[in-house]
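A.B. asks: 3D, please:
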Amino acid sequence: MKFFIKNKYIIIICLAIVIASFFYFKDGTVNTGVIEENNDKQDVVLEFQDDKVCVEICDGSTYGLLMDEAGIGVSVANAIYEAAIEKYDLAKIRLGSDLELFFESDTDYLKKIVYKIDSEDEIIIKNLKYFEEGDKDEWLAEVVPIEYEVRIVQKSGEVQTSMYVAALESDIDERAIIELANAFQWTIDFALDPRVGDKFEFVFEERYLDGEYKMPGKVLNLLLGPKVILAIIF
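C.D. replies: Numbers count the residues shown, from 1 in each chain. Here you go, the predicted structure:
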């Protein structure tokens, strides 16, 4: 009887150890997963990102007023203006455009300004303290080509009245049609040469910024009826 009781206690103790071990390792695994997940999230949070602010240039806006509205002090605004003047006069900023201001996320200090001068180029004014070794504010300006995402597009259709109307009906940007007409002004007459029933294929570039369509780019080629016309515009 005593032997039975002893065995009974031994069995209970063994079962308790097994159950405790199960929950220990299970909880350890779960906790490890939570820690790893939190670490991943922390890495994402700590990943450096600039805060971008777009200041719209409205009627009556001036460079000085816009910088003041963005909370930029007079001394900093003047330093940026002086750094840019040899490349581009910021007093000539145009209505309908934007000044893009990039701030350091942790300190809210201004790191750089970007302004699109036209459809091809933009001026970037950087605080070298954030881009090179240094401990004082020093601004440097440079004019660089705008880095568009370029997509090749092919549109086709059939002329019913004129090439111009047919292109519009094929959902081709009017600016691309005008560029096409300018490219082929000595080759075809958009009003007279294409005949009713002529089919066409038009290949050109579309330019995007941050995934948003901005404008057509280069005209690449045009197939019109039996004629193959090639153009590359730089």
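
A.B. asks: mind listing what Lys199 touches?
C.D. replies: By CB atoms under 8 Å, 6 or more residues apart in numbering, the residues touching Lys199 are 156-159, 225. Just so you know, the C-beta spots here come from the backbone N, C-alpha and C atoms, and that holds for glycine as well.

A.B. asks: which one of the residues you listed has the most neighbours?
C.D. replies: Among the contacts of Lys199, Val159 has the most neighbours (other CB atoms under 10 Å), with 22 neighbours.

A.B. asks: okay but that one is in contact with Glu169, surely?
C.D. replies: No: the criterion here is CB atoms under 8 Å, and Val159 misses it with Glu169 at 9.8 Å.

A.B. asks: Verify the stated contact: Tyr130 with Phe103.
C.D. replies: No: counting by CB under 8 Å, Tyr130 does not reach Phe103; the two are 10.3 Å apart.

A.B. asks: and for these two, which residues touch both?
C.D. replies: Taking CB under 8 Å, 6+ apart as the contact rule, Tyr130 and Phe103 both touch 109, 111.

A.B. asks: circling back to that earlier point, closest to Ile93 among the contacts of Lys199?
C.D. replies: Distance to Ile93, by CB to CB, is smallest for Gly157 among these, at 39.7 Å.

A.B. asks: Which of the contacts of Lys199 scores worst on pLDDT?
C.D. replies: Among the contacts of Lys199, Gly225 carries the weakest pLDDT, at 68.

A.B. asks: Just say helix, strand or coil for Ile125.
C.D. replies: Of the three states, Ile125 takes strand under DSSP: H, G, I helix; E, B strand; the rest coil.

A.B. asks: for it, what are its contacts?
C.D. replies: Listed by CB under 8 Å, 6+ apart, the contact set of Ile125 reads 80, 83-84, 112-114, 139-141.

A.B. asks: where do the helices sit along this protein?
C.D. replies: Taking DSSP state H as the test, the helices found in the chain are 2-46, 63-69, 74-84, 163-169, 174-183.

A.B. asks: I'd like the mean pLDDT over stretch 174-181, please.
C.D. replies: In this model, stretch 174-181 has an average pLDDT of 86.

A.B. asks: Please apply the same query to stretch 53-68.
C.D. replies: In this model, stretch 53-68 carries a mean pLDDT of 90.

A.B. asks: could I get that stretch in PDB with only the CA atoms?
C.D. replies: Below are the C-alpha coordinates for stretch 53-68, written out as PDB (Å, rounded to 0.1, in the frame of the first residue of the first chain):
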ATOM      1  CA  VAL A  53       6.100  70.200 -46.400                       C
ATOM      2  CA  CYS A  54       4.800  71.600 -49.700                       C
ATOM      3  CA  VAL A  55       4.100  75.400 -49.600                       C
ATOM      4  CA  GLU A  56       1.800  76.400 -52.400                       C
ATOM      5  CA  ILE A  57       2.700  79.600 -54.300                       C
ATOM      6  CA  CYS A  58      -0.500  81.600 -54.400                       C
ATOM      7  CA  ASP A  59      -1.400  85.000 -55.900                       C
ATOM      8  CA  GLY A  60       0.500  87.700 -54.000                       C
ATOM      9  CA  SER A  61       3.000  85.200 -52.500                       C
ATOM     10  CA  THR A  62       6.700  86.100 -52.300                       C
ATOM     11  CA  TYR A  63       9.600  84.100 -51.300                       C
ATOM     12  CA  GLY A  64       9.900  86.000 -48.000                       C
ATOM     13  CA  LEU A  65       6.300  85.600 -47.100                       C
ATOM     14  CA  LEU A  66       6.200  81.900 -47.900                       C
ATOM     15  CA  MET A  67       9.300  81.200 -45.800                       C
ATOM     16  CA  ASP A  68       7.700  83.200 -42.900                       C
END
